[in-house]
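Colleague: Fold the following.
(one chain, ligands or ions: 1)
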Amino acid sequence: MKRYLLTPGPVELPESVRAAAAQEMIGHRCADFSQLLNQVEDKLKNLLNVSTPVVIIPSSGTGALEALAVNFLDEGDKFASVSCGVFGNRFREIAIRCKAVPTCMDVPMGKAVSPEDVADFVKKNSECKVLMLTQNETSTGVLNPIKEIIAAIPYDNRPIILVDAVSSAGAMELYPHDWGIDGVATASQKGFLTPPGLGLVWLSQKAWSYIENRKCRSYYFDLKLHLKELQGKSPANPYTPPVSLYFALDKALDIILAEGRDKWFKSRRRYANALAAGLESLGFKLLVKETAMRSPGVTAFYAENADTEAIRAKLSQMGIDTAGGQGELKGKIIRAAHYNDFTWTDLSLFLGALYATVGVRNVDFLGNAWNKWTEEA
Ligand code: PMP
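Modeller: The predicted model follows:
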């Protein structure tokens, strides 16, 4: 039976991406691999609108976050951490394990981070040299307004701004250079429609200068070591990379760029808007109340008088895999991802399955979803 994978990573892979990953192996110290790496670099730079390299690390998103933490923070370093959910907390925890000292700003789950509040927080904690933010909080489906948050922080004396973009890059706008981000950590298995296993890290020129004279305690995650290999005569990874995943990422980037960045991002937003309209018509509540802060990649919802885990179990029986809540939302919400290039038919299939799990009848959930689908996103 065909199953539909709607978890927020890993996501279903386009057939051409799967086929690319199945190619015959090539050595990782040969011209073919250097060429593949250069190709992937060019496409990533295009997607992020940057000119400095993207370091590709064989790891999941957590590894990419760890790479930022171990390169920028040492024992006793003070950092400011803004969290609105499980993954903001994780980034903080990784930094704490580097023996760095946090100052925390916590926003309730389901709410977005406000630019003015972050600006105020940074002003009051000017001894913190690093600020950690999450763009898309996957545990709640909140998209934080990173561009506006950074714009609200006065340019002089800005800390190094590190952003967890694990569940945003590839699926929604993320222009780190243009927005003033210093470090981005992301991963292959969500917005990039690639199997799990690649962590991607981008740094600004200011960030590369900041770490120039710092000694990284980790070999595996030493970004300067990665950069040196990447900028050598034959670009490579410092150690054996998962070559198949590079083939897959290269193909997935082709799919996204062939559509065009803006069009691709708009399509994900359109699906999210139409899904929200359908869910609300069916009587579900969206966890994120502010519509502008809803993620184009993952939607969290619940039913006031129903057991969400029972609904998920029914969906699973129908062949649809969703994710549940995490942390304090465990057992309380359903999360459905939409990083893929889903069509109207995919959406109506999902809403139809949800219709079959709830007691409501005679509601025009498909008509309402269709109206949103046909609106300009
Ligand atoms: N940050 C965010 C925002 C995430 O969504 C995830 C994965 N769900 C992670 C970090 C951790 O990534 P991984 O599971 O790939 O290690």
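Colleague: For Lys372, list the residues it contacts.
Modeller: Residues near Lys372 by C-beta atoms under 8 Å, 6 or more residues apart in numbering: Arg270, Asn273, Ala274, Ala276, Ala277, Gly278. No exception for glycine: its C-beta is placed from N, CA and C like everyone else's.
Colleague: tell me which of those is nearest to the ligand?
Modeller: Ala276 (19.8 Å; C-beta to the nearest ligand atom).
Colleague: helices or strands up against the helix or strand where that closest one lies?
Modeller: Here Ala276, judged by DSSP states H and E, is contained in helix 261-281. Helix 261-281 makes packing contacts with strand 285-286, strand 298-302, helix 344-357, helix 365-373 when contacts are defined by 3 or more C-beta pairs under 8 Å, 6 or more residues apart in numbering; DSSP states H and E.
Colleague: residues making contact with that helix?
Modeller: 46-47, 171-173, 256, 259, 286, 291, 294-297, 299, 301, 336, 338-339, 341-342, 344, 347, 350-351, 354, 363-366, 368-373, 375, 377.
Colleague: Give me the phi and psi for His28.
Modeller: With angles defined as degrees, to the nearest 10, His28 sits at phi -90, psi 0.
Colleague: Check the burial of Arg217 by counting its neighbours.
Modeller: 12 (other C-beta atoms under 10 Å).
Colleague: same check, this time on Pro53
Modeller: Pro53 has 19 nearby residues by other C-beta under 10 Å.
Colleague: which regions of the stretch 251-377 of the chain lie under the pLDDT threshold?
Modeller: 360-361 (pLDDT under 70).
Colleague: Just want the residue of it that's nearest the ligand.
Modeller: The nearest approach of the stretch 251-377 of the chain to the ligand comes at Val298, 8.3 Å away (C-beta to the nearest ligand atom).
Colleague: does Leu65 sit in a helix or strand, and which one?
Modeller: Here Leu65, judged by DSSP H and E, is contained in helix 61-72.
Colleague: which residues touch that helix?
Modeller: 55, 57, 59, 90-91, 94-95, 97-98, 100, 130, 160, 162, 164, 166-167, 183, 185-187, 189, 199-201, 207, 210-211, 214, 216-218, 221-224.
Colleague: is any part of that helix close to the ligand?
Modeller: Yes. Residues of helix 61-72 are located near the ligand by C-beta under 6 Å from any ligand atom, namely Gly61, Thr62.
Colleague: What is the burial count for the closest residue to Pro145 other than its chain neighbours?
Modeller: What sits nearest to Pro145 in space, not counting adjacent residues and going by C-beta to C-beta, 6 or more residues apart in numbering, is Pro115, at 6.3 Å. Neighbourhood size, Pro115 [other C-beta under 10 Å]: 18.
Colleague: contacting residues around Pro115?
Modeller: Applying C-beta under 8 Å, 6+ apart, the residues contacting Pro115 are Pro145, Glu148, Ile149, Ala151, Ala152.
Colleague: The same query, at a cut-off of 6 Å, please.
Modeller: Glu148, Ile149, Ala152 (C-beta atoms under 6 Å, 6 or more residues apart in numbering).
Colleague: what's near enough to touch the last one?
Modeller: This means Ala152. Contact analysis of Ala152 by C-beta under 6 Å, 6+ apart lists Pro115, Ala119.
Colleague: Let me know the pLDDT of it.
Modeller: What the model reports as pLDDT for Ala152 is 98.
Colleague: From the ligand, how far off is it?
Modeller: 22 Å (C-beta to the nearest ligand atom, to the nearest Å).
Colleague: Out of the contacts of Pro115, which is nearest to Asp120?
Modeller: The closest of the contacts of Pro115 to Asp120 turns out to be Ala152 (C-beta to C-beta; 8.9 Å).
Colleague: what about the strands in the stretch 51-200 of the chain?
Modeller: 54-58, 78-83, 101-106, 130-134, 136-137, 142-143, 160-164, 183-187, 198-203 (DSSP state E, counting those that start in this stretch).
Colleague: Need these in TSV (columns: mean pLDDT and distance to Pro10).
Modeller: Converted to TSV, the strands of the stretch 51-200 of the chain look like this (pLDDT from 0 to 100; distance: least, C-beta to C-beta, whole Å):
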stretch	mean pLDDT	distance to Pro10
strand 54-58	98	16
strand 78-83	98	24
strand 101-106	98	29
strand 130-134	98	19
strand 136-137	98	16
strand 142-143	98	20
strand 160-164	99	18
strand 183-187	98	10
strand 198-203	98	12
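Colleague: Any chance of CSV for these, columns mean neighbour count?
Modeller: Converted to CSV, the strands of the stretch 51-200 of the chain look like this (neighbours: other C-beta atoms under 10 Å):
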stretch, mean neighbour count
strand 54-58, 22
strand 78-83, 23
strand 101-106, 16
strand 130-134, 27
strand 136-137, 30
strand 142-143, 26
strand 160-164, 27
strand 183-187, 29
strand 198-203, 26
